[in-house]
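*Asks:* Pasting a predicted model and its sequence here:
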Amino acid sequence: MSLAARAAYRQTALETAPKSTLLVQLYDRLERDVRSAIDAVNERDIEAVNRELQHAQDIVEALANAIDLRVWPAGEGLLQVYGFIMRELLDANFSKSVDKMESCLSLIGELSAAWRTAATTGGGARAGMSVA
């Protein structure tokens, strides 16, 4: 499969996937980024740590921006959790703290499991998420 065909397939998959599926995929990638950053710290690859944690921060920002408080006022609590994760990722990137990365990974894993459950029961759409 050519690169152009692969890119077109990916774009079509993104445009037609249910929002709950996209949300779960974002969490999967977020977990992968933080795990990769931990590996990079252990390998002393500072550039990779920075790259992976910056991408993780981009995902957390996208997740936070997807919450529509007009539809889901209780989402304020989740926004606070995302803010905490963002601050921890920023600090982890500055300090190269594996402990902080693992702490974030633990929270992300719990959130991921909850959204995965919501996606299979249809609860994600009712929770005010507007993943585009």
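*Replies:* Structure received.
*Asks:* So, low pLDDT: which residues of the chain?
*Replies:* Segments of the chain classed as low confidence (criterion: pLDDT under 70) are 1, 4-17, 123-132.
*Asks:* For it, which segments count as helices?
*Replies:* Ranges of helices in the chain, per DSSP state H, are 3-16, 19-42, 46-65, 75-95, 98-121, 123-126.
*Asks:* Please produce a markdown table containing those helices, extended by mean neighbour count.
*Replies:* Placement of C-beta: from N, CA and C, glycine included. Output for the helices of the chain, formatted as a markdown table (neighbours: other Cβ atoms under 10 Å):
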| stretch | mean neighbour count |
| --- | --- |
| helix 3-16 | 10 |
| helix 19-42 | 19 |
| helix 46-65 | 18 |
| helix 75-95 | 16 |
| helix 98-121 | 16 |
| helix 123-126 | 16 |
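*Asks:* My guess is Leu105 contacts Glu31. True?
*Replies:* Yes. Between Leu105 and Glu31 there is a contact under Cβ atoms under 8 Å: 6.6 Å.
*Asks:* Return every residue with contacts to both of the two.
*Replies:* Counting by Cβ atoms under 8 Å, 6 or more residues apart in numbering, Leu105 and Glu31 have no shared contacts at all.
*Asks:* Not counting its neighbours along the chain, what's nearest Leu111?
*Replies:* Nearest non-adjacent residue to Leu111, counting by Cβ to Cβ, 6 or more residues apart in numbering: Tyr27, 6.7 Å away.
*Asks:* so that neighbour makes contact with Trp115?
*Replies:* Yes. In this structure Tyr27 lies within contact range of Trp115 using Cβ under 8 Å: 6.1 Å.
*Asks:* what residues are up against Ile46?
*Replies:* By Cβ under 8 Å, 6+ apart, the neighbours of Ile46 are 40, 96.
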